[in-house]
Each structure stands twice: as C-alpha cells, then as structure tokens.
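Colleague: quick one, structure for this:
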Amino acid sequence: MASDAFAELACEPDPPVEELALRLAAEFGPVDPTSVRARLDALAAEVEEELTRLDPDPVCALGAVIGVRHGFSGDAREYDHPDNSMLPAVLRRRRGLPITLSVVYVAVAQRAGIPLRGVGLPGHFVAGHFPVPNGRPELLDPFHAGVRIAVPDLPESLLRPWGPHETILRMINNLVASFSKRGAIAEAIHAADLRLLLPVEPADMERLTLEARALRARLN
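Modeller: Take a look at the predicted model:
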C-alpha cells in the first residue's frame, strides 16, 4: 500500500518534480530527504556561481557543473537497474536513467532561477531550457554529461515541457518493467499501484488498472 506522503503529493496540481521523485524512492526504501535537498541546493549554488562568469549561458553552466565537474551521466552498464530510477541513489552514484538525471537537472536549475524542464523525445528523455514560455527550447542531454544537443525537427507537441505527473508516471513505468524483469513481482505490483494515484486520462487509468491486475495474477 502506498504511503500517505506519496498519495498526498500526487494529488497536488503542480508539485516539484524532485519532491515527487523523492517520495517515489521512499516507497521502496529509506531515504534522507534533508541530505537530498541539501545536495541539490549545493549544486544550484555552484551553477549560480558559474553564471557570474563572462557571457553566462544557462545550458553550458548546468552541463559544466553537473555533467563535467561532478560527473553525472547515464548508466549504460546496468541501464534498467531500479537504482537508476531512484533520485537519492542517482545523486549518490552520479549515474542514472535519462529521465532521473533530467529530474536532477530540473531541480538544480529551478533553484538557480533557470527555466528548465524535462522533455520527452521519441526514444529519449532530455532537458530543455525554455527562455521564452511556449517557445522552442535549447536542449541538453543529461545522459551524456549535459552536453548541448541540436533541437530535432519535430512538431511543437513533442518539444514541450513535461509536467511532474507525466514525468513520474514514466519513471514508475520504468520501475514496473525493471522489477518485473528481475522477478521482483511484489515490488512491481507496488509500483503499478502507485501509478493509479496519479492524475491520468480515463483510458490510461483503465489500462494501468488492468496491468496491475495482471501483475497480481502472476504473484498468485
């Protein structure tokens, strides 16, 4: 059963994505929220300092601090390991999935006053700097140490900033698949149940409910 902490925050209209990710991780093991927030604050302070240099570039500053100086990048070795979807573990190991690393970048950027959001591209998840609301973003790739990447020729609907709920839904989808692959069916069921607490479209809710039932059938 999900804790009240995750359920309550999941009901908020626009919760901080890192707080939702933190409470997601707490569903699967002990976490230290104070140390996680302090780590994000410290990274943000370094980014702010980087921005005081000549010709400050927010995208370059984020990549220089998080990706280069602190070495955050993707875990290509054990890509789908559950730890790569857990924010505290990603902060500790400096390795993770593209979407979890993007949460780190977004949380740090927002603390530093940079309008950065996650962007779900086809087959990949990156972070986008949106200096103009509803405009085309400048993209960086957290999986590859925060390097700036060219904006692909895609419809505007695919270059939009992702909200916290859909970001966490995709993170939980990754966890369901990861736990299922490893035969950790109880954990997969718990993750599947957490998805049902998020605000999703009725058709998606029906599909997610059926998937949770199918996982329970495997356990029995």
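
Colleague: quick one, what contacts residue 86?
Modeller: Residues near residue 86 by Cβ atoms under 8 Å, 6 or more residues apart in numbering: 24-25, 28-29, 100. To be clear about C-beta, it is placed using only N, CA and C from the backbone, and glycine gets the same treatment.

Colleague: pLDDT score assigned to it?
Modeller: The model reports residue 86 with a pLDDT of 98.

Colleague: how near is it to residue 64?
Modeller: As defined by Cβ to Cβ, to the nearest Å, residue 86 lies at a distance of 25 Å from residue 64.

Colleague: so which strand or helix has residue 188?
Modeller: Assigned by DSSP states H and E, residue 188 belongs to helix 185-195.

Colleague: the helix or strand that comes right after that helix versus helix 185-195: what angle between them?
Modeller: With elements assigned by DSSP H and E, the helix or strand that comes after helix 185-195 is helix 202-219. Angle, helix 202-219 to helix 185-195, by axes from the mean of the first three to the mean of the last three Cα atoms, to 10 degrees: 160 degrees.

Colleague: just for the protein, where's the confidence low?
Modeller: Flagging of the chain using pLDDT under 70 yields the residue ranges 1-2.

Colleague: on that earlier part again, ok, the contacts of residue 86 vs residue 202, which is closest?
Modeller: Using Cβ to Cβ, residue 24 is the member of the contacts of residue 86 that sits closest to residue 202, with 23.1 Å.

Colleague: wait, the closest one sits on residue 172?
Modeller: Yes. Using Cβ atoms under 8 Å, residue 24 makes contact with residue 172 at a distance of 6.8 Å.

Colleague: mutual contacts of the two, please.
Modeller: residue 194.
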